[in-house]
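Visitor: build me a model:
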Amino acid sequence: MLAIEWQREPRRILLPCLILAPFPETDLTGVEARALVDTGSSVSGVASKLAERIGLVGLGKRPLKSAQGEGQVERYAFRLGLHPDGENGFPFIFDEVIGIELTNAFEFNALIGMDILGQCDMTLERNGQCRICFGR
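Guide: Numbers count the residues shown, from 1 in each chain. Here you go, the predicted model:
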């Protein structure tokens, strides 16, 4: 099993990740992103500027209920990668997900929701230490 350990910020959990196109699966080039880890979100997401940068094609808008209210959001197919132990080496790449478009006004440009987190074990300690385990 692979793991990442890091210190979270006081009011949110941010994690570096890699956003990749859904295919070809052998293409491991992607864009480094800063993701908000959100256990309250059923799906992951990517900022529209980031999606545009790696050439993701919109799959059509769908209704979405969120903390900001209800609205229509674009959806993208993409893959998400995490670097075990924060290394810059070979990342662990999760299977393709269908995620939502994020506005570009956030301090993060990706969102890791339960579609990814459900494949992981995660611990949060009171001192701010975080650990996420994934893979085989």
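Visitor: relative to residue 72, how far out is the closest residue to residue 96 other than its chain neighbours?
Guide: Spatially, and ignoring its direct neighbours in sequence, residue 96 is nearest to residue 22 (4.4 Å; CB to CB, 6 or more residues apart in numbering). In this view, the C-beta of every residue, glycine as well, is placed from N, C-alpha and C. Residue 22 sits 22 Å away from residue 72, going by CB to CB, to the nearest Å.
Visitor: between those two, who's got more neighbours?
Guide: residue 22 (16 against 10; other CB atoms under 10 Å).
Visitor: ok, the more buried one - contacts?
Guide: Residues in contact with residue 22 (CB atoms under 8 Å, 6 or more residues apart in numbering) are 56, 77, 78, 79, 96.
Visitor: ok, the residue nearest to residue 96 to residue 12 distance?
Guide: Distance from residue 22 to residue 12, by CB to CB: 27 Å.
Visitor: and residue 4, by the same measure?
Guide: 16 Å.
Visitor: out of those two, which sits in the busier spot?
Guide: A direct count of neighbours by other CB under 10 Å for residue 4 and residue 12 places residue 4 higher, at 21 against 11.
Visitor: what's the more buried one sitting at in phi/psi?
Guide: phi -130, psi 130 (degrees, to the nearest 10).
Visitor: hang on, it packs against residue 92?
Guide: No - look at residue 4 against residue 92 with CB atoms under 8 Å: they stay out of range, at 9.5 Å.
Visitor: before we move on, back to that, out of the contacts of residue 22, the closest to residue 67 would be?
Guide: The closest of the contacts of residue 22 to residue 67 turns out to be residue 78 (CB to CB; 22.3 Å).
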